[in-house]
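requesting a structural model of the entry that follows:
(2 chains)
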Amino acid sequence: MPINPVFIVILSAALYIFGYYRMPFVYGGFFLQLAYMVLRGIDLGRLPLIGPHDTLFFLSASFMLFGIPVSLSLESRQRFLNPVTAITVCFMLLAMLARPHNYPLPPVLKTFWFEVHVAFSFFSYALFGLAAVLGALYLISRDEESEILQYKMVLVGYFLFSLAMILGGIWAYYAWGTYWLWTPKELWTVILWLFYSFYLHARLRQWWAGRPAAILGIAGFGIVMFTYLGVSLLMKSSHTF
Amino acid sequence: MGNEQKDTKVLNNLLKVFLSLRTAIWLLMALLCLLLYGAVVMPANEEFLALHTAPLFQWITESPPGITWWLWAAIGVLSLLTANTLLCSIESVVKKKSARQWMLVMAPQVAHIGFLFILLAHLVSGYGSFKGTAVVYENAGLRLPNGNDVLFRKIDVDMDSAGYMKDWAVYVEYFKDGRSLGSDRILPNSPSLQDGLGIFIKNIRFLPYPVAMIEVCKEPGAVWALTGGILFMAGMMTLLFYKIKKEEAKGV
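Residues are numbered from 1 along each chain as shown, chains lettered A, B, ... in the order given. Reported below is the predicted structural model:
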């Protein structure tokens, strides 16, 4: 059954906007996002993880997937969830600018390793994005809870990102005979991983805690976006989206 | 102060530098800057296209230093980081061996060891890897670098009604001195691995007749990379688990 994505996305975005006034609308918006991805997955016969449309949508849903439970642990949920909702809606609308990839998967992509590698990559991008939001909140309000939570988001994001890299290496070995390729995507992936390694080690020192860490967390998301979108759009790589 | 005392003082100062988290932070910053520079230089120089076709250290010694100096510098920084990581990990384990939460002490060190194994993997592959490509037809034969022969018996392609390739399979048989060593089947993400070498299919065409572009690879660092990856994730998972446990205990 052909799905008109525009209707679902507009409804989801509308619910998210109503979420500024009443939290349950945010849950409704997220449910619609998930429903769209499930229906698209059923239509394609696979996880919708190829191309800018699907990956941007997946990333947008991932912000909420982690953002909602994180917000429940905060005293001031709305203050955190409002910017997260804004980012979610932005990425969702960006996804609509790209044509969905409805072609069959090439045989090399039909593997468990590829799907988990991509899924974990985007989960980690979302966590790094949430860390950036928390860093910004800390800079505005000097609320220590935000900075501590930023560190936790980065730690979990780093764990998932490392796992995504290892799974990608395993897949690359089976697909192409090598666990490492010197392409722009791989190089920027290492830069991203080293950046957050730097963040996690620097934050152990008193001087880096607080404002410097918050700024690093925000800068890190800039590197995430370049690694994901910049490399795919601006450079030739086997890793385009 | 005698010469011996001076030497001891120098060694002690050097050890202090390597036993420092601040050193790790500076080295990570330096490595980041070098790789960021490399990320700009690589797309702008055609020489880097050949980086995949040869082991790293062979390529880097044959390429102009003007475009590879950052890679040499990154290798140097990684060597220092290796020493720093190893010494800091040993010191941490020795100093905190009687700590109550011993797993919380060990977990990051296991992750560090995993990281070092991954560096070792790249070092081993950088010297000892091999890649060769060829175009093969059905019943074509090749002599492999290990002295064995491989015969590509059949190339099968499964196309859908719209003309997209759904699946493929390549059937091979290995020989040594005319004697069959056995057969194998190469599928997507399922290469044929035999005697340290892997045969991978890079591309397949079915029309007007079946032909495959193959790559014969040797990747000696793969096992070390996998070991390092497993250790790293084990360390990270343990660290996360104990940090969460500590959080929950605080909340009680």
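
hey, let's count contacts and neighbours off CA atoms from now on
Will do.

list the buried residues in the one helix or strand A:Ser124 maps to.
Using DSSP states H and E, A:Ser124 sits within helix A:112-141. Within helix A:112-141, the residues scored as buried using 16 or more other C-alpha atoms under 10 Å in any protein chain shown are A:113-115, A:117-139.

please see if that helix touches chain B.
No - contact of helix A:112-141 with chain B (C-alpha under 8 Å from any C-alpha of the partner chain) is absent, the minimum separation being 9.4 Å.

helices and strands around that helix, which ones?
helix A:51-72, helix A:77-96, helix A:144-176, helix A:211-225 (3 or more C-alpha pairs under 8 Å, 6 or more residues apart in numbering or on different chains; DSSP states H and E).

spell out which parts of chain A neighbour chain B.
A:104-108, A:111, A:155-156, A:159, A:162-163, A:166, A:170-171, A:173-179, A:181-182, A:184, A:187-188, A:191, A:194-195, A:197-198, A:201-202, A:235.

for ChimeraX, what selects the buried ones among these?
Remark: buried members of these, expressed as a ChimeraX selection using 16+ other C-alpha under 10 Å:
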select /A:104,105,107,108,155,156,159,162,163,166,170,171,173,174,175,176,177,178,179,184,187,188,191,194,195,197,198,201,202
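
next, count neighbours for residue 64.
No chain specified, so I'll use chain A. By other C-alpha atoms under 10 Å in any protein chain shown, 26 other residues sit near A:Met64.

switch to chain B, that's the one I care about
11.

can you check the pLDDT for it?
At B:Pro64, the pLDDT value in this model is 93.

how about the one 4 residues further on?
At B:Thr68 the predicted local confidence, pLDDT, stands at 94.

per-residue confidence at A:Ser238?
Reported pLDDT for A:Ser238: 63.

tell me who's in contact with A:Ser121.
A:Ser121 makes contact with A:160-161, A:164-165, according to C-alpha atoms under 8 Å, 6 or more residues apart in numbering or on different chains.

now flag whichever of the residues you listed is closest to B:Ile201.
A:Met165 (22.9 Å; C-alpha to C-alpha).

what about the closest one, neighbour count?
Residues near A:Met165, counting by other C-alpha under 10 Å: 22.

for the helix or strand containing B:Lys16, packing partners?
Using DSSP H and E, B:Lys16 falls within helix B:3-18. Counting contacts by 3+ C-alpha pairs under 8 Å, 6+ apart, helix B:3-18 is packed against helix B:65-95.

does the helix it packs on reach chain A?
No - using C-alpha under 8 Å from any C-alpha, helix B:65-95 never reaches chain A; the gap is at least 11.7 Å.

what residues of that helix count as buried?
Buried-residue list, helix B:65-95, by 16+ other C-alpha under 10 Å: B:67-68, B:70-71, B:74, B:77-78, B:80-89, B:92.

try stretch B:164-182
B:165-175.

ok, now stretch A:62-79?
A:62-68, A:70-71, A:78.

and if you look at stretch A:41-52?
Buried residues in stretch A:41-52, counting neighbours by 16+ other C-alpha under 10 Å, are found at A:48-52.

distance from the chain centre to it, please.
Centre-to-centre, stretch A:41-52 and its host chain are 17 Å apart (C-alpha atoms, centre = their mean, to the nearest Å).

how long is it end to end?
Using C-alpha to C-alpha, to the nearest Å, the end-to-end distance of stretch A:41-52 comes to 15 Å.

so what's the closest residue to chain B within chain A up against?
Nearest to chain B in chain A, going by C-alpha to the nearest C-alpha, is A:Ala175, at a distance of 4.3 Å. The contact partners of A:Ala175, by C-alpha under 8 Å, 6+ apart, come to A:108, B:188-191, B:200.

do B:Asp184 as well
B:Asp184 neighbours (C-alpha under 8 Å, 6+ apart): B:171-173, B:192.

mind redoing it with 6 Å?
Going by C-alpha atoms under 6 Å, 6 or more residues apart in numbering or on different chains, B:Asp184 touches B:171-172.

wait, a strand at A:Leu47?
No - membership of A:Leu47 in a strand is not supported by DSSP: H, G, I helix; E, B strand; the rest coil, which gives coil.

so what's it closest to, chain neighbours aside?
Sequence neighbours aside, A:Gly41 is the residue nearest to A:Leu47 in space, at 5.1 Å (criterion: C-alpha to C-alpha, 6 or more residues apart in numbering or on different chains).

and that neighbour, what element?
Assigned by DSSP H and E, A:Gly41 belongs to helix A:24-44.

for the record, mean pLDDT for that helix?
93.

again with stretch A:150-157
Across stretch A:150-157, pLDDT averages out at 97.

show me the shaky parts of chain A.
Within chain A, the stretches with pLDDT under 70 are A:1-3, A:236-241.

helix/strand/coil for A:Tyr21?
A:Tyr21 falls in the coil class when you classify it by three-state DSSP.

thinking again about what came up before, ok, residues contacting the helix holding A:Gly41?
Outside of helix A:24-44, the residues within contact range by C-alpha under 6 Å, 6+ apart are A:12, A:15-16, A:18-19, A:47-48.

from the chain's centroid, how far away is whichever helix or strand comes after the helix holding B:Lys16?
Sequence order places helix B:21-44 as the next helix or strand after helix B:3-18, per DSSP H and E. Offset of helix B:21-44 from its chain centre (C-alpha atoms, centre = their mean): 19 Å.

now swap in stretch A:16-29 and tell me
Remark: stretch A:16-29 is offset 20 Å from the chain centroid, using C-alpha atoms, centre = their mean.

that one: end-to-end distance?
From start residue to end residue, stretch A:16-29 stretches across 5 Å - C-alpha to C-alpha.

ok, which stretches of the stretch 151-252 of chain B are helices?
Using DSSP state H, counting those that start in this stretch, the helices of the stretch 151-252 of chain B run over B:222-251.

ok, the residue nearest the centre of chain A - contacts?
Among the residues of chain A, the one closest to the centroid is A:Ala126, at 2.9 Å (C-alpha atoms, centre = their mean). A:Ala126 sits next to A:62-63 when contact means C-alpha under 6 Å, 6+ apart.
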